[in-house]
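1. Okay, structure incoming, though there's no sequence with it:
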């Protein structure tokens, strides 16, 4: 693994780890009032495209990061829809 | 610009645009209760490293996306600290 991929994996771990406190906090509190659904949906589609880009660029760190973030951002969308007061 | 960069720029526009409704909503409502400060800080550092990775990989779409997201995520951190009730 070259030095560039080491930086990529450090970035990948940080940006994917960043979602975990948010996913946990949202799941625990069921407080979704300050999460924006448009943000979550657009972000999810964007991450799917970054995953595609990472595959085309043969970038292991981008494939790793975006695979995990696809799942995390899907969970946040699900919580937002499930816990929003009718 | 090759096809891979077109996908990268589409991804870049979506993931950076995703932050704008959140930044606007947070600024307008000053409601930061369901934003997680640990998430915002870790995410910000991660985005700085993705920017570094994009520069090393000579990836125009990654440099574009991460430059903008560095600014957006910094603003969210600032709002979280400023608007959190003491």
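-> On my side now, so go ahead. Not measured: the values here are computed from a predicted model. Residues are numbered from 1 along each chain as shown, chains lettered A, B, ... in the order given.
2. For residue A:14, grab phi and psi.
-> Dihedral pair for residue A:14: phi -70, psi -50, per degrees, to the nearest 10.
3. ok, now residue A:47?
-> Torsion angles, degrees, to the nearest 10, at residue A:47: phi -70, psi -40.
4. got a list of what it touches?
-> A:66, A:69, A:70, A:73, B:11, B:15 (CB atoms under 8 Å, 6 or more residues apart in numbering or on different chains). (Glycine included, C-beta is placed from N, CA and C.)
5. What's the local residue count around the third one?
-> It stands for residue A:70. Neighbours of residue A:70 under the rule other CB atoms under 10 Å in any protein chain shown: 14.
6. Out of the contacts of residue A:47, who's the most crowded?
-> residue A:66 (27 neighbours).
7. Nearest the geometric middle of chain A, what residue?
-> Note on chain A: the residue nearest the mean C-alpha position is residue A:69, at 2.7 Å, using CA atoms, centre = their mean.
8. Name the secondary structure element that contains that one.
-> Residue A:69 is part of helix A:60-83, with elements assigned from DSSP states H and E.
9. Closest one of the contacts of residue A:47 to residue B:46?
-> Using CB to CB, residue A:69 comes nearest to residue B:46 of those, at 10.4 Å.
10. Double-check that closest one against residue A:19; I have them as touching.
-> Yes - if you go by CB atoms under 8 Å, residue A:69 and residue A:19 touch, sitting 6.3 Å apart.
11. I'm done for today, thanks for sticking with me.
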